[in-house]
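Visitor: give the three-dimensional model of this entry:
(2 chains)
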Amino acid sequence: MTIEMANYAGHSLAILLTLLMAALTALFIPIITKRDDATPGLVVLTASLVLLAFFPAAHPDLLSLFYGALTISPFTRYLWPFFLAALAFTVLISLRSRDRRPGAGEYYFLLAMAALALIFLVSAGEFLTVFIAVELLSVCLYALAAINRSPIGAEAGYKYFLLGSFGTGMLVMGIALVYGTAGTLNFGAIKLALVSGLPFHPLMSAGFIFLIAGFSFKSALVPFHMWVPDVYEGAPTPVSAFMGAAVKAGGVVVLYRLFALTAGAPQFREIFWALAVLTMVLGNLMALPQQNLKRLLAYSSISHAGYIVTGFFGGTEGLKAALFYLAVYAAANIGAFAVVAALEKEERGVTIKDLAGLSERHPYLAGAMSLFMLSLAGIPPLAGFFGKFYVFAAALKSGCIWLVVIALLMSAVSVYYYLRVLVAMYMEKEPSVLEAMHSGAMNLALTLLALAVTLLGVFSGPLLRLAQAASIF
Amino acid sequence: MQFIDSNLLTVVIMLPLAGALALLAVPKERPALIKNLAFGISAAVFIISLRLYFGFDAACSAMQFTISRSWLPDWGINYSLGIDGISLLMVMLTNLLTPLAILASFNYIQEHQKAFYASMLALQTGMLGVFASLDVFLFYVFWEAMLIPMYFLIGVWGGQRRIYAALKFFIYTMLGSVLMLAAIIFVCLAHKEQFGAYSFSLFELYRTTFSLKAQLWLFAAFALAFAIKVPLFPFHTWLPDAHVEAPTAGSVLLAGVLLKMGVYGYLRFAVPLFPAAAQSFAPWLAGLGVIGVIYGSLVAWSQPDMKKMVAYSSVAHMGLIMLGIAAFEPAAVSGAVLQMVNHGLSTGALFLLVGVLYERRHTRLIEDYGGLAKVMPGFSAVFMIVTLSSIGLPGLNGFVGEFLLLFGSFKIYPWLAAAAVSGVILSAVYMLGMYQRVVFGPVRHEENRRLPDLSAREWSYLLPLVLFIIFIGVYPAPFLRKMDAAVKTYVQRGSGADLVCPAAKAPAPSVQPSRRQAVKPPSRPAVKRTPRKEHK
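Guide: Residues are numbered from 1 along each chain as shown, chains lettered A, B, ... in the order given. Presented below is the predicted three-dimensional model:
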């Protein structure tokens, strides 16, 4: 390891430690000051912004730390800032609603720890780290879902905990089987063993199937999506935003690792193909009749995971497209949940009917929401369209014609439910009953996200270059 | 001035969008300023685009006023614009109709005025972009983006069933276009395979060759998207809903311009990209067009609602135009393109006239009127001219277009052309029938006795249309001359003249670099579109 690489590794570890320190500070401040105010949130926000600002320049090599437990690569160089930005936006949209509520310290601590866990998850170099990161992440999320101690929140937390434990169980099972046949937990070593040992040992195949199922749980692919609508509905809305954007991204990235590891075996491609199709078709169809906006967004986020998995089939080009898509989708998704957070009175959020006449009363909120919805629907010139274009073009390039045709048709179907939100906001002429929460932080977050979904597509060069640099997997 | 000249198309296309954004900054307590600003911007766009019209070199078959900048280099996507004679006429039609439609909305639109005029201007940008894009991806972006303002125009300011109509319009179009997107990407990938570089440039893609089977599939994907927009017979069901529910200005642009985008799609994309498939599909397109003529006319005949009648008459007229462009015969195609302009003028005017009546009486039923000739003589005179233009009376614009179109297609599809003539006769039956019941006879309803005649504002947006209707009817030559070269190129490519030997499609090496060079000097004649024949 050269001095330069050691420096880079040290710098990267400092990021993790800073985030951990910020999380702990946020936890202890209310205990020391005995006041429930915005300080813990500001601590986490400042930490994530500072880390984003001083992020080390990309290093082209893959660094393996702690005997291969952690790897730092251009790939993680893209994802770390992504998670930090998602954390920052989540904190921004949480600030006002967390004011003067007990437990602000725990809330921000758990959020920051979840972001830290995601960073570990995508940087893991072996399955043991993956497992630890997943557990850390899940425990934080179970608690976050139920943190308001309301009945619906408790239900969400409990459901998530039960089903999540089931998913974790499958993970452990999968890891055990893979370890049993390959004799190692390290990704690189497993890949070598797989390449030399084709066709797969049946137990190895079984192990990977368990692993794929486990991570399909985490990233909510159909048929492992049952918990999503209930949890997104019951959890505090900013937490749902974080889950839809960041946690999903973490799960999808690990799925991509599994996809790349098993790329030699055609039956696994078929499994992923089926997962993508099921997710896109059922996710979109189930979104159609939803009345509650949070449930609608939950199903929409399920279907978007399907589009991203479509990108897996596009090779390096597809990975680049998927990474681009993740960022663009996250911006629109956090934005949409932020609008819900600004309008809701309790966790359950708002129904589409409640949105009637929103454009009269809160034109800016309605305008921002329209941008997010149209971007999620993939209508040009918004960023979502460009994300879909890159993903589908990459998949088509690898010859997945039917997959892309299904994806395109389903995204045309999805237009219907996204437009229903616009219909309510602009075309229903009843006076709006919703009070909007106005806070500087919320407005700032909404403005930035609306700008992002408007401009990231038409000017997709810079973000695409970042994704390009990161797609050397 | 220098900047405007070297970026004329960009200025024309983006000025309305910039105007829309500027409108959003105007406080909504000043509706007069909003209206005048919106009208001023769209009128300015028209005046600037006159430079396009008079600067256009009709003798040159190449794309003119071209602009090309690298946009998304990863996929070889360029921001490249340019117009030939056909696009020129469509651009001018758009720029003529938009300010008139805005002027017609001054009284009709009373709520959310700012958003309304901003949507109108954004829609104008979308329409112009569709007609001027030389990059297929850019075209698709404009094609889809335009749905958003139109969706709001129908859904917010429309009639009773506006939400249903708006959703139907959006989803119908979207379903058609997503498959086109897949086909576009597929064509680009095939181009990469054959030529080693990604490109979405239309003229680059023209060089790509496909097996007949692939062509058929790809043509079908494009054709579906365009058939929905035209609308061709079985795909027309969104149109009556959208037209009837849309506010007057929306209907004018929908009928006047948006439908033309479908036909334009065939002329510019579907047929030249896949000429062999177009050959096999042409009889179907022509047949469906003629079915549309007869079906549209028959349904229009039985409509009690004037707006619905005009909407179905559009189905008939567009069917006739499809017959013309599917004939691949110079006269027929010229007639079809001229008829696109004519239909925009006359149907636009008809919707405006129905709007005039609706603003006075808030009904569009034919039976609620009668005897208007005595009450509103000015209105009745204009209505007369427009009606006669719509049914193709000699001396007015409709006749020239229909005559050329039928004359040309008779050589190729004698039976279909003969059947289409019956549609022309039917159009006389229902249009004159409506005119008679609305304008002649005694005044049947007391409320109608006091209806005021056309106001100065109404004259000012109807008169330009009437002038053009008469002018084209008497002296169509300048318009035909403008489109002549473009029509020839289309016919050459579409009629399969260059399909004899696929190898002949590979371009002469000397031509290639001039096409690849993206950035052009400010002066006009640029990317030379080489007629196929030269290569043989």
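
Visitor: quick one, what contacts the residue in the stretch 301-450 of chain B positioned nearest to chain A?
Guide: Chain A sits closest to B:His362 of the stretch 301-450 of chain B, with a gap of 17.6 Å, by C-beta to the nearest C-beta. Heads up, the C-betas are built off the backbone N, CA and C, glycines and all. If you count contacts by C-beta atoms under 8 Å, 6 or more residues apart in numbering or on different chains, B:His362 has none.

Visitor: residues in the stretch 201-350 of chain A within reach of chain B, list them.
Guide: Contact residues, the stretch 201-350 of chain A versus chain B (C-beta under 8 Å from any C-beta of the partner chain): none.

Visitor: all strands of the stretch 201-350 of chain A, in order?
Guide: Secondary structure of the stretch 201-350 of chain A (DSSP state E, counting those that start in this stretch): no strands present.

Visitor: for stretch B:21-36, buried residues please.
Guide: B:Leu23, B:Val26, B:Pro31, B:Ile34, B:Lys35 (16 or more other C-beta atoms under 10 Å in any protein chain shown).

Visitor: would you confirm that the third one contacts B:Gln113?
Guide: What it means is B:Pro31. Yes - here B:Pro31 reaches B:Gln113: they are 5.0 Å apart, a contact under C-beta atoms under 8 Å.

Visitor: just give me the neighbour total for A:Leu13.
Guide: Applying other C-beta atoms under 10 Å in any protein chain shown, we find 14 residues neighbouring A:Leu13.

Visitor: look at it and give its secondary structure.
Guide: Using DSSP: H, G, I helix; E, B strand; the rest coil, the secondary structure recorded for A:Leu13 is helix.

Visitor: got a list of what B:Glu458 touches?
Guide: B:Ala104, B:Val356.

Visitor: make sure it is indeed in a helix.
Guide: Yes - judged by three-state DSSP, B:Glu458 forms part of a helix.

Visitor: any idea how far it is from A:Val277?
Guide: 56 Å (C-beta to C-beta, to the nearest Å).

Visitor: returning to what we had before: which single one of the buried residues of stretch B:21-36 is nearest to B:Asp84?
Guide: B:Leu23 (32.0 Å; C-beta to C-beta).

Visitor: list phi and psi for B:Leu81.
Guide: phi -120, psi 160 (degrees, to the nearest 10).

Visitor: how close does it get to B:Val12?
Guide: Taking C-beta to C-beta, one finds B:Leu81 at 9 Å from B:Val12.

Visitor: intersection of neighbour lists for the two?
Guide: B:Ala132.

Visitor: is it true that B:His112 touches B:Leu153?
Guide: No - contact criterion C-beta under 8 Å: B:His112 and B:Leu153 do not qualify, at 10.9 Å.

Visitor: the more surrounded of the two?
Guide: Between B:His112 and B:Leu153, B:Leu153 has the larger neighbour count (other C-beta under 10 Å), namely 29 against 18.

Visitor: so which strand or helix has the more buried one?
Guide: Per DSSP states H and E, B:Leu153 falls inside helix B:147-157.

Visitor: ok, and does that helix reach over to chain A?
Guide: Yes - applying C-beta under 8 Å from any C-beta, one finds helix B:147-157 touching chain A at B:Leu147, B:Ile148, B:Tyr151, B:Phe152, B:Gly155, B:Val156.

Visitor: which per-residue confidence value corresponds to the last one?
Guide: What that stands for is B:Val156. pLDDT for B:Val156: 90.

Visitor: quick one: residues contacting it.
Guide: So B:Val156 contacts A:Tyr426, A:Met427, B:His112, B:Ala115, B:Phe116, B:Arg162 (C-beta under 8 Å, 6+ apart).

Visitor: coming back round to it: and the buried residues of stretch B:21-36, which two are the farthest apart?
Guide: B:Leu23 and B:Pro31 (11.3 Å).

Visitor: tilt between the longest helix belonging to chain B and helix B:147-157?
Guide: With secondary structure taken from DSSP state H, chain B has its longest helix at helix B:162-195. Relative orientation of helix B:162-195 and helix B:147-157, computed by axes from the mean of the first three to the mean of the last three C-alpha atoms, to 10 degrees: 180 degrees.

Visitor: please save the CA atoms from the helix or strand following helix B:162-195 in CSV.
Guide: Once the chain leaves helix B:162-195, the next helix or strand it forms, by DSSP H and E, is helix B:202-206. Output of helix B:202-206 as CSV, limited to C-alpha atoms (Å, rounded to 0.1, in the frame of the first residue of the first chain):
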residue,chain,number,x,y,z
LEU,B,202,-32.0,11.3,-38.1
PHE,B,203,-29.8,11.3,-41.2
GLU,B,204,-27.4,9.0,-39.6
LEU,B,205,-30.2,6.6,-38.8
TYR,B,206,-31.5,6.8,-42.4
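
Visitor: average pLDDT for the helix or strand following helix B:202-206?
Guide: Counting by DSSP H and E, the element after helix B:202-206 in chain order, helix or strand, is helix B:212-229. Averaged across helix B:212-229, pLDDT comes to 92.

Visitor: what is the subsequent helix or strand relative to the helix or strand encompassing A:Thr168?
Guide: Element membership of A:Thr168, judged by DSSP H and E, is helix A:151-182. Following helix A:151-182 in sequence order, the next helix or strand is helix A:187-196 (DSSP H and E).

Visitor: burial count for B:Ala276?
Guide: 17.

Visitor: I figured it hits B:Ala214, correct?
Guide: No - contact criterion C-beta under 8 Å: B:Ala276 and B:Ala214 do not qualify, at 10.1 Å.

Visitor: wait, what's in contact with A:Lys397?
Guide: So A:Lys397 contacts A:Gly314, A:Gly315, A:Glu317, B:Leu189 (C-beta under 8 Å, 6+ apart).

Visitor: top of those residues by number of neighbours, please.
Guide: Neighbour max across the contacts of A:Lys397 (other C-beta under 10 Å) = A:Gly314, 24 neighbours.

Visitor: chain center to the strand or helix carrying B:Tyr435, what's the gap?
Guide: Applying DSSP H and E as the criterion places B:Tyr435 in helix B:414-439. When distances are taken as C-alpha atoms, centre = their mean, to the nearest Å, helix B:414-439 is centred 22 Å away from the chain's centroid.

Visitor: buried set for it?
Guide: B:416-417, B:419-421, B:423-424, B:426-428, B:430-431, B:434-435, B:437-439.

Visitor: check stretch B:60-77 too.
Guide: B:61-68, B:71-72, B:74-77.

Visitor: would CSV of those residues with distance to B:Ala485 be doable?
Guide: Putting the buried residues of stretch B:60-77 into CSV (distance: C-beta to C-beta, whole Å) gives the following:
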residue, distance to B:Ala485
B:Ser61, 4
B:Ala62, 8
B:Met63, 11
B:Gln64, 10
B:Phe65, 15
B:Thr66, 15
B:Ile67, 20
B:Ser68, 21
B:Trp71, 28
B:Leu72, 31
B:Asp74, 35
B:Trp75, 31
B:Gly76, 28
B:Ile77, 27
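
Visitor: just to revisit the earlier point, which of the contacts of A:Lys397 lies closest to A:Ser471?
Guide: A:Glu317 (7.8 Å).

Visitor: CA atoms only for the helix or strand of chain A with the lowest mean pLDDT, dumped as PDB, please.
Guide: Lowest on mean pLDDT, DSSP states H and E among the helices and strands of chain A sits helix A:187-196, with a mean of 82. Extracted as PDB, the C-alpha positions of helix A:187-196 are listed here (Å, rounded to 0.1, in the frame of the first residue of the first chain):
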ATOM      1  CA  PHE A 187     -16.600 -12.000  -2.500                       C
ATOM      2  CA  GLY A 188     -13.500 -12.100  -4.600                       C
ATOM      3  CA  ALA A 189     -12.600 -15.600  -3.500                       C
ATOM      4  CA  ILE A 190     -16.200 -16.800  -4.000                       C
ATOM      5  CA  LYS A 191     -16.200 -15.400  -7.500                       C
ATOM      6  CA  LEU A 192     -13.000 -17.300  -8.200                       C
ATOM      7  CA  ALA A 193     -14.400 -20.500  -6.800                       C
ATOM      8  CA  LEU A 194     -17.600 -20.000  -8.900                       C
ATOM      9  CA  VAL A 195     -15.700 -19.400 -12.100                       C
ATOM     10  CA  SER A 196     -13.600 -22.500 -11.700                       C
END
